[in-house]
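**Student:** next come a sequence and a model predicted from it.
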Amino acid sequence: SASASASASASPKTNRIAVFLLNLGGPETLKDVEPFLYNLFADPDIIRLPAAMSGIQTALAWLIAKRRAPRSRQAYDSIGGGSPITRFTTAQAELLETALNEDCDSSLEFKCYVAMRYWHPFTDEALAKAAEDDCRSAVVLPLYPHFSISTTGSSLRALLAEMQASQPRLMARHTVVPSWHQAPGYVDILARLVADELRDLAKVPSEKPICVLFSAHGVPVSYIERAGDPYKRHIEATVRLVAEATRARVRDDTTYELSFQSRVGPVEWLRPYTDDALVDIANRGIKRIVVVPISFVSEHIETLEEIDIEYREVAETAGIQHWRRVPALNLDADFIRELKFQVNDALYAKPVVSTSEACVVNSFDLDDRPLGVLTGVEKDVERLNSKTAAVAIALALLIELLANTRAIHLFGV
Ligand SMILES: C=CC1=C(C)c2cc3[nH]c(cc4nc(cc5[nH]c(cc1n2)c(C)c5CCC(=O)O)C(CCC(=O)O)=C4C)c(C)c3C=C
Ligand SMILES: [Fe+2]
């Protein structure tokens, strides 16, 4: 648990509630980078291979991790030799646990556990601690405001499978917050942070308006168009609401735009890409920019290295003169209050007890078509595509492994 506390048997509390905070995790040292990447690429929600090819997922993950590791290690090295994501998430859990226990019913006790998908503390470690603490029910709160198959979807799949297997009692009494991308508290914090930067930047004179560029982590287009991932819609909703709330605080001619960062591999990802958007903005003669990372709630490689180092250089080379980056929410007191609100809302505004099925239904937006449901024609095409692709990748892997060539480069990794 996030805080040291008396053992379960010594406590008078009868109702202990586990709060599982889901996040991605990150390498703590450079030595961790390759195994972390392996865990990430071995996830079928990150590399969505057709069913016929699922057998080569781990081999492919091994290969891609090996290929990508040197570049990734260099990036982690430039931000101090590891990701701060675990530190931030652990501190968020501690603050949230204190906040939840401050004014709750005296028969209740909240325990917050960090459950990371690709690095320690892993999901099963979090569940084991909740069992040790004798938690009787659970709230699952992703630290991803927007739902994506690749993030919340994947973390939920892992946590619920493990919970079903190891703790059926907890499984029978849990509830899930699927996303909180439109939560007024969340929108307000972002608007406040953006407005602070705008007021500061307004002191620098310029003929052109300031541009606020929201930069979200991208996903492949196929997630949205074929698998029905609500991620893009969720991101757009946040951007619309934060732009409105910021306009209400700072009345000027600022423009608000959205782009997507961190693409990996050869497939088409959501556009516009952040680097292209920065060049486009600079080409319009704009000199002042505020970049807002919106799909992340703490600092890590995607903010500290990709935005602060790589994209800043792109922007300045293209002619942007005044660059500001809004901080991630990190340990902001309003953010912790918002997390507390989400936990209480899940407990009291929605049914406390949900079966696993209800939970899965809960997890996706009901106005979307169900995930993974394809029509008959699409299914045939899918089957054909997957067979062809399976043979091609298997051949490439074979060539690569036997001859040590770079055949897998065909797939862009
Ligand atoms: C919050 C939203 C995120 C989405 C959506 C997402 C999708 C996604 N990511 C990859 C591949 C990589 N992601 C990596 C790091 C990383 N990703 C997120 C968040 C989202 N990912 C975060 C917070 C982090 C940083 C963790 C840290 O260590 O600080 C990496 C590793 C870094 C690197 O080598 O670039 C990869 C790889 C895919 C393929 C994907 C959607 C399919
Ligand atoms: Fe990612």
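**Tutor:** Nice, thanks for sending it over. All of these numbers come straight from a predicted model, not from anything done at the bench. Ligands and ions are numbered 1, 2, ... in the order given.

**Student:** where does this structure have low pLDDT?
**Tutor:** The chain contains residues with pLDDT under 70 at 1-13, 350-413.

**Student:** 80 - rerun?
**Tutor:** 1-14, 349-413 (pLDDT under 80).

**Student:** backbone dihedrals for the residue sitting nearest the centre point of it, please?
**Tutor:** Geometric centre of the chain, nearest residue: residue 144, 4.6 Å, by C-alpha atoms, centre = their mean. When read as degrees, to the nearest 10, the backbone of residue 144 gives phi -120, psi 110.

**Student:** I figured it hits residue 294, correct?
**Tutor:** No. Contact criterion C-beta atoms under 8 Å: residue 144 and residue 294 do not qualify, at 11.0 Å. Where C-beta positions appear, they are placed from N, C-alpha and C, glycine not excepted.

**Student:** what does this structure put close to ligand 1?
**Tutor:** For the chain, the contact set with ligand 1 under C-beta under 6 Å from any ligand atom comprises 24, 26, 37, 40, 46, 68, 72, 83, 85, 144, 148, 150-151, 217, 219-220, 264, 295-296, 300-302.

**Student:** just the ones in strands from the residues you listed, please.
**Tutor:** The strands, defined by DSSP state E, take in residue 217 from these.

**Student:** would you list the phi and psi of residue 230?
**Tutor:** Dihedral angles for residue 230 - degrees, to the nearest 10 - are phi -80, psi 0.

**Student:** where's it relative to residue 259, distance?
**Tutor:** 19 Å (C-beta to C-beta, to the nearest Å).

**Student:** cool, residue 303 as well?
**Tutor:** Counting by C-beta to C-beta, the gap from residue 303 to residue 259 is 14 Å.

**Student:** same deal with residue 101?
**Tutor:** 40 Å.

**Student:** for those two, indicate the residue with more neighbours.
**Tutor:** Set residue 101 next to residue 259 and count neighbours by other C-beta atoms under 10 Å: residue 259 wins out with 22 against 16.

**Student:** what about that one, which helix or strand?
**Tutor:** strand 255-261 (DSSP states H and E).

**Student:** chain center to that strand: distance?
**Tutor:** 17 Å (C-alpha atoms, centre = their mean, to the nearest Å).

**Student:** keeping just the C-alphas, turn that strand into PDB.
**Tutor:** C-alpha atoms of strand 255-261 as PDB (Å, rounded to 0.1, in the frame of the first residue of the first chain):
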ATOM      1  CA  THR A 255      -5.600  30.000 -31.500                       C
ATOM      2  CA  TYR A 256      -6.100  26.500 -30.100                       C
ATOM      3  CA  GLU A 257      -4.800  23.500 -32.100                       C
ATOM      4  CA  LEU A 258      -4.300  19.700 -31.600                       C
ATOM      5  CA  SER A 259      -1.600  17.400 -32.800                       C
ATOM      6  CA  PHE A 260      -0.300  13.900 -32.000                       C
ATOM      7  CA  GLN A 261       3.200  12.900 -30.900                       C
END
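
**Student:** what's downstream of that strand, the next helix or strand?
**Tutor:** Downstream of strand 255-261 (by DSSP H and E), the next one is helix 274-283.

**Student:** contacts for that next one?
**Tutor:** Here helix 274-283 makes contact (C-beta atoms under 8 Å, 6 or more residues apart in numbering) with 211, 213, 215, 257, 259-261, 272, 289, 307, 310-311, 314-315, 318-320.

**Student:** these in helices, which ones?
**Tutor:** Using DSSP state H to define helices, the subset of the contacts of helix 274-283 located there is 314, 315, 318.

**Student:** find the nearest non-adjacent residue to residue 158, please.
**Tutor:** residue 123 (5.0 Å; C-beta to C-beta, 6 or more residues apart in numbering).

**Student:** my guess is that neighbour contacts residue 113, does it?
**Tutor:** No. Counting by C-beta under 8 Å, residue 123 does not reach residue 113; the two are 9.5 Å apart.

**Student:** dihedrals phi and psi, residue 292?
**Tutor:** phi -120, psi 110.

**Student:** that one is in contact with residue 195, isn't it?
**Tutor:** No. Using C-beta under 8 Å as the test, residue 292 is too far from residue 195 to be in contact (11.2 Å).

**Student:** if you count surrounding residues, which of these two has more?
**Tutor:** residue 292 (25 against 20).

**Student:** bridged to that one, which residues?
**Tutor:** Here residue 292 sits in beta bridges with residue 214, as judged by DSSP bridges.

**Student:** mind listing what it touches?
**Tutor:** So residue 292 contacts 190, 193, 194, 212, 213, 214, 215, 242, 325, 326 (C-beta under 8 Å, 6+ apart).

**Student:** so which of these is the most crowded?
**Tutor:** Top of those by neighbour count (other C-beta under 10 Å): residue 215, with 29 neighbours.
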